[in-house]
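**Student:** Return atomic coordinates for the entry below.
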Amino acid sequence: MHLKETMNDSSGNITIARLFFSFFQLGMSAFGGLAMIPHMKGLTVTRNKWLDEETFRNGIVLCQTLPGATAMQMAAYVGLKTRGIWGALASYAGFGIPAFSLMLTLSVFYAGSRNLTQIVSLFTGLQVLVVAIIAHATFSFGRDSLKSFVDLSITAVSAALFWWGVSPFAVILCASLGGVAFFKDTGQPLLPSHRKLRENKDVAKHLLIFLLLIGIGLAGLYGVDKKLFSLATMLLRIDLFAFGGGFASQPLMFHEIVNVRGWLDSRTFMDGIALGQVTPGPIIITATFVGYLVSGLAGALTATVAIFTPSFVLLVTITPFFDRLKGSRCFAGATRGVLAAIVGLLLYMTIKFAVAVPWEISKVLFMLAMACALFRRINLLLIVLIGSVISVVVFR
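**Tutor:** Modelled structure (predicted):
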């Protein structure tokens, strides 16, 4: 039997294998984060008609509401809607494996060669480029998220608290409570729930299984290597608070890894973000780089699984109830407060990274040129590749 024939079951529905390989192929060229959403729509709605337009659109709304990398969650959402929990796992893994594989390869290369002259020149320029990229993300994210004086106030207070060393998790929690208190007109009245009891039981069963597996995994790590246990629990927590996509995780990761634990210095962490830009998939794949430098291959695997698990569990758990949840004024207000805080964290990170760069005229001009390219919406991968070439030539 040919491979193509094995891809579909007797009923004509998409199979787990086809989901995996379809999203694996998509993941190999998944540059640009949210820019992949139209390509997913082409795959799932236009060409194969696995989902209808409305269902796909609802998935975008849900994934942008939840913490984590939106493109990764959309892959899981498609799998969940077509083949249930196993479909979600297949599409999620298929979409993420190319990014993990390339980032692991680059991390191994980086660890063994970062003292070479050419590598030093490359990352000197890429660190400047990272400042431009984070600054652009702060502006873009703020433009889309800050709609009132209250939003701006939450952003300013969050940035100040982060600068003073307050835990970002505490900042985000307070911002969510502030959003509930101040954004009273956000959201729509609750929609009546028509979900069947059996469906609710299935969700509860899956949630319990996931929680049990996470607990077993953490217990095993604690018994084998407490550093891996600390790495896993930290990244699990970060993903739970990474509202607004992959960039939202970077300030949280920076705080925990550089400021709190001192596992990496700020320049090395910036190099990891730069590598995250030249790999397919979400910027949150920087966790693989961090894990490898902290604890080798075991650290890379642990970090990658940990940073993607909470958002996947939330997606699977919340999807059946989303029609009701999206109308909740408390949920909408909390989400808006968190997004405003994330802008503050990105602003802090922009300043922190800028301070870490030893500036000179050539670097200022390089950053301005890269910033102009970003605002003109030139393909990000092209910007990074051109910036890499300029770095090797100019910053010797």
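**Student:** packing partners for the top helix by length along the chain?
**Tutor:** For the chain, the helix with the greatest residue count under DSSP state H is helix 70-113. Helices and strands touching helix 70-113, as assessed by 3 or more Cβ pairs under 8 Å, 6 or more residues apart in numbering; DSSP states H and E, comprise helix 16-27, helix 37-41, helix 53-65, helix 266-278, helix 286-318. All C-beta atoms are positioned from the backbone trio N, CA, C, and that covers glycine.
**Student:** Using JSON lines, lay out the ones you listed together with mean neighbour count and distance to Met74.
**Tutor:** Shown next, in JSON lines, are these (neighbours: other Cβ atoms under 10 Å; distance: least, Cβ to Cβ, whole Å):
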{"stretch": "helix 16-27", "mean neighbour count": "21", "distance to Met74": "10"}
{"stretch": "helix 37-41", "mean neighbour count": "17", "distance to Met74": "6"}
{"stretch": "helix 53-65", "mean neighbour count": "17", "distance to Met74": "5"}
{"stretch": "helix 266-278", "mean neighbour count": "22", "distance to Met74": "19"}
{"stretch": "helix 286-318", "mean neighbour count": "23", "distance to Met74": "9"}
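**Student:** Nearest to Phe210, out of those helices?
**Tutor:** Shortest distance between Phe210 and these, using Cβ to Cβ, is found for helix 286-318: 4.8 Å.
**Student:** My guess is Asp239 contacts Ser249. True?
**Tutor:** Yes - using Cβ atoms under 8 Å, Asp239 makes contact with Ser249 at a distance of 6.8 Å.
**Student:** Which residues are in contact with each of the two?
**Tutor:** By Cβ atoms under 8 Å, 6 or more residues apart in numbering, Asp239 and Ser249 have these common neighbours: Ile284, Ile307.
**Student:** Just the buried residues of the helix or strand hosting Leu177, please?
**Tutor:** Taking DSSP states H and E as the definition, Leu177 sits inside helix 168-182. Neighbour-count burial for helix 168-182 flags Pro168, Val171, Ile172, Leu173, Cys174, Ala175, Ser176, Gly178, Gly179, Val180, Phe182 (criterion: 16 or more other Cβ atoms under 10 Å).
**Student:** From the chain's centroid, how far away is that helix?
**Tutor:** 20 Å (Cα atoms, centre = their mean, to the nearest Å).
**Student:** After it, heading C-terminal, what element do we hit next?
**Tutor:** helix 197-224.
**Student:** and that next one, which residues are buried?
**Tutor:** Val203, His206, Phe210, Ile214, Gly217, Leu218, Leu221.
**Student:** so can I have a markdown table of these showing distance to Val260?
**Tutor:** A markdown table is the format used below for those (distance: Cβ to Cβ, whole Å):
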| residue | distance to Val260 |
| --- | --- |
| Val203 | 35 |
| His206 | 33 |
| Phe210 | 27 |
| Ile214 | 22 |
| Gly217 | 23 |
| Leu218 | 19 |
| Leu221 | 19 |
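**Student:** Show me which pair in these is furthest apart.
**Tutor:** Val203 and Leu221 (27.0 Å).
**Student:** Correct me if wrong: Ser176 contacts Ala334.
**Tutor:** Yes - here Ser176 reaches Ala334: they are 4.1 Å apart, a contact under Cβ under 8 Å.
**Student:** what's the overlap in contacts for those two?
**Tutor:** The contact sets of Ser176 and Ala334 do not overlap (Cβ under 8 Å, 6+ apart).
**Student:** who touches Trp263 in this structure?
**Tutor:** Trp263 touches Ile257, Val290, Leu293, Val294, counting by Cβ under 8 Å, 6+ apart.
**Student:** Would you mind confirming that the third one is in contact with Thr268?
**Tutor:** What it means is Leu293. Yes - with contact defined as Cβ under 8 Å, Leu293 counts as touching Thr268 (7.0 Å).
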